[in-house]
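> One predicted model, sequence on top.
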Amino acid sequence: MPLKLAVVFLCLGIAAADSPYRFFNWNVTYGTIYPLGVPQQGILINGQFPGPEISSVTNDNIIVNVFNTLTHPFLIHWSGVQNRRNSYEDGVIGTTCPIPPGQNFTYILQMKDQIGSFFYFPSLDFHKAAGGFGGIKILSRPLIPVPFDPPTDDYTLLLGDWYNKNHTALKAILDGGKKLPFPDGVLINGRGPNGTSFSVQQGKTYRLRLCNVGLQNSLNFRIQGHKMKVVEIEGTHTMQISYSSLDIHLGQCMSVLITADQPPQDYYIVVSTRFTTKVLTTTAYLRYANSNRAASGPLPGGPTTQIDWSLSQARSFRSLSIYRIYIYLIINHMHACMHALYMKYSSYLFEFQDKSYSKRSKAESPRLVPLRDDKHDENN
């Protein structure tokens, strides 16, 4: 009996080690924000706009205790998180009860068999137009290779159109059966034009997680002088194709790799609206270390109203199937094993052409003779 108990506790210990718990306490409040330079009421999480990022690993258990100090019920939806067998944690009305004012609720999520880039946002009363959103990052488990080398750093960029109107006024417009007016601007991580930057070192590669957290507009994303290699969309690894600009539609997330392969200076990051007659544009900076030159030149251009362009790009995305991932991993594993074997046994593979080597010039190099299968040679 003691042995059985020991085995049970050992198994539980292993399970806990494999699937750790990450705890978050969030306080949801109103606060004054200035995303486009105009003061307005925003929704903050722990005083932050956008809210804090959830960084996790596949199979992690995420425990988020949310305190609602707003004057209205509040609810958070975890966009892209599958919530297997616990859909009541999904955070949409009808499956999850709203958190009453002055109360709290603890979300229990598991990132079961998931990787990739996602985000959360409030799903009631058009609260999303006031903030309350943030990024979700799910990394692969240790020792599980991914089909690209680890980047030097990993940045999340939350992109979206934005209104200076209060979210209650916008909700009243929709409740009255009218469509939303044209947005006032576009934000990158809650900042307006030239409001944020991302640091890189020359020669290094970085992962950018791009999410469109806006309200009604698709967006185009591009970086001056840099190509972007798409490696993941909505939690699925993709065939690695490089693009000069990318359309990111409402609610969509994707990961790209960029290499800082240009002269060290600042470069424009540009986001603009798609399929609109009037084009809204915002900028941020890709800032090289030791840069002593500001970003200059015209902003890189992008598509505007061309629907076919966007459809063609969407069709070019291809998921990296399990078969292809396995082949990639097997080839890389075999390469590593062969290299290790060669380093260990290479001294035994050298044979000299004849036994009279000692009579020959000592400057002559030994000959590397490939291993043979004598039986195979006789049959041929």
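Nice, I can see it. Since we're looking at a predicted model, the values are computed, not measured. Numbers count the residues shown, from 1 in each chain.

> Identify the bridge partners of N65.
Beta-bridge partners of N65, counted by DSSP bridges, are N25, T106.

> residues touching I258, list them.
V200, T205, Y206, L208, I223, H226, K227, M228, K229, L286 (C-beta atoms under 8 Å, 6 or more residues apart in numbering). (C-beta placed from N, C-alpha, C; glycine too.)

> So which of those residues sit within strands?
V200, T205, Y206, L208, I223, M228, K229, L286 (DSSP state E).

> what number of residues lie near the closest residue in space to the fifth one that isn't next to it in sequence?
This points to I223. Nearest in space to I223, with sequence neighbours left out and distances taken as C-beta to C-beta, 6 or more residues apart in numbering, is I269 at 5.3 Å. When neighbours are defined as other C-beta atoms under 10 Å, I269 has 26 of them.

> quick revisit: now the contacts of I258 in TSV, with pLDDT and neighbour count?
Converted to TSV, these look like this (pLDDT from 0 to 100; neighbours: other C-beta atoms under 10 Å):
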residue	pLDDT	neighbour count
V200	98	24
T205	98	18
Y206	98	19
L208	98	22
I223	98	23
H226	98	19
K227	98	15
M228	98	22
K229	98	17
L286	98	24
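
> Just name the closest of those residues to G160, please.
L208 (15.6 Å; C-beta to C-beta).

> can you pull out the helices in the stretch 151-300 of the chain?
Along the stretch 151-300 of the chain, the stretches classed as helices by DSSP state H, counting those that start in this stretch are 167-175.

> Any stretches of it with poor pLDDT?
Judged against pLDDT under 70, the stretch 151-300 of the chain has no low-scoring part.

> thinking again about what came up before, do you know how far the residue nearest to I223 is from D161?
From I269 across to D161, the span is 17 Å (C-beta to C-beta, to the nearest Å).

> Same check on P145?
38 Å.

> more crowded one of these two?
Set P145 next to D161 and count neighbours by other C-beta under 10 Å: D161 wins out with 26 against 13.

> Confirm for me that the more buried one is in contact with N217.
Yes: using C-beta atoms under 8 Å, D161 is in contact with N217, at 4.5 Å.

> between those two, what contacts are shared?
Joint contacts of D161 and N217 (C-beta under 8 Å, 6+ apart) are P183, V186, T273, L280.

> May I have the helix or strand hosting F67 as CSV, with CA atoms only?
Per DSSP states H and E, F67 falls inside strand 61-68. Listed in CSV are the C-alpha atoms of strand 61-68, where the atom choice follows Å, rounded to 0.1, in the frame of the first residue of the first chain:
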residue,chain,number,x,y,z
ASN,A,61,-3.1,26.1,-16.6
ILE,A,62,-4.0,29.8,-16.5
ILE,A,63,-5.8,31.1,-13.5
VAL,A,64,-7.1,34.6,-13.9
ASN,A,65,-8.9,36.2,-11.0
VAL,A,66,-10.8,39.3,-12.4
PHE,A,67,-12.2,42.0,-10.1
ASN,A,68,-14.8,44.2,-11.7
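
> Which strands or helices does that strand pack on?
strand 21-33, strand 54-57, strand 104-110 (3 or more C-beta pairs under 8 Å, 6 or more residues apart in numbering; DSSP states H and E).

> Nearest approach to P264 belongs to which of the ones you listed?
Nearest of the helices and strands packed on strand 61-68 (C-beta to C-beta): strand 54-57, 28.7 Å.

> What pairs with that closest one, parallel or antiparallel?
Counting by DSSP bridges, strand 54-57 is paired with strand 134-139 (parallel).

> So what's the gap between the strand it pairs with and the chain middle?
Computed by C-alpha atoms, centre = their mean, to the nearest Å, the chain-centroid distance of strand 134-139 equals 7 Å.

> got a markdown table for the helices and strands packed on strand 61-68, with mean pLDDT, distance to Q252 and mean neighbour count too?
Supplementary listing: those in a markdown table, determined by pLDDT from 0 to 100; distance: least, C-beta to C-beta, whole Å; neighbours: other C-beta atoms under 10 Å:
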| stretch | mean pLDDT | distance to Q252 | mean neighbour count |
| --- | --- | --- | --- |
| strand 21-33 | 97 | 24 | 14 |
| strand 54-57 | 96 | 18 | 18 |
| strand 104-110 | 96 | 21 | 18 |
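
> C97: which of those is closest?
strand 104-110 (7.7 Å).

> Listing partners with orientation, what would you give for the following helix or strand past that closest one?
Next in sequence after strand 104-110, counting helices and strands by DSSP H and E, comes strand 116-122. The sheet places strand 116-122 alongside strand 76-79 (antiparallel), strand 134-139 (antiparallel), with pairing taken from DSSP bridges.

> Include distance to R318 and mean neighbour count when you put these into a markdown table, please.
A markdown table is the format used below for the strands paired with strand 116-122 (distance: least, C-beta to C-beta, whole Å; neighbours: other C-beta atoms under 10 Å):
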| stretch | distance to R318 | mean neighbour count |
| --- | --- | --- |
| strand 76-79 | 23 | 24 |
| strand 134-139 | 21 | 22 |
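
> For burial, what's the neighbour tally of Q313?
17.

> How about the contacts made by it?
Counting by C-beta under 8 Å, 6+ apart, Q313 touches Y243, L246, D247.

> quick revisit: just give me the closest of the shared contacts of D161 and N217 to I45.
For the shared contacts of D161 and N217, the nearest to I45 is V186 (21.6 Å; C-beta to C-beta).

> Near the closest residue to the closest one other than its chain neighbours, how many other residues are there?
Once flanking residues are discounted, V186 sits nearest to T282: 4.1 Å by C-beta to C-beta, 6+ apart. Residues near T282, counting by other C-beta under 10 Å, number 24.

> From F118, how far out is T282?
Counting by C-beta to C-beta, the gap from T282 to F118 is 23 Å.

> ok, back up a step: distance from the chain centre to the strand holding F67, please.
A distance of 22 Å separates the centroid of the chain from that of strand 61-68, by C-alpha atoms, centre = their mean.
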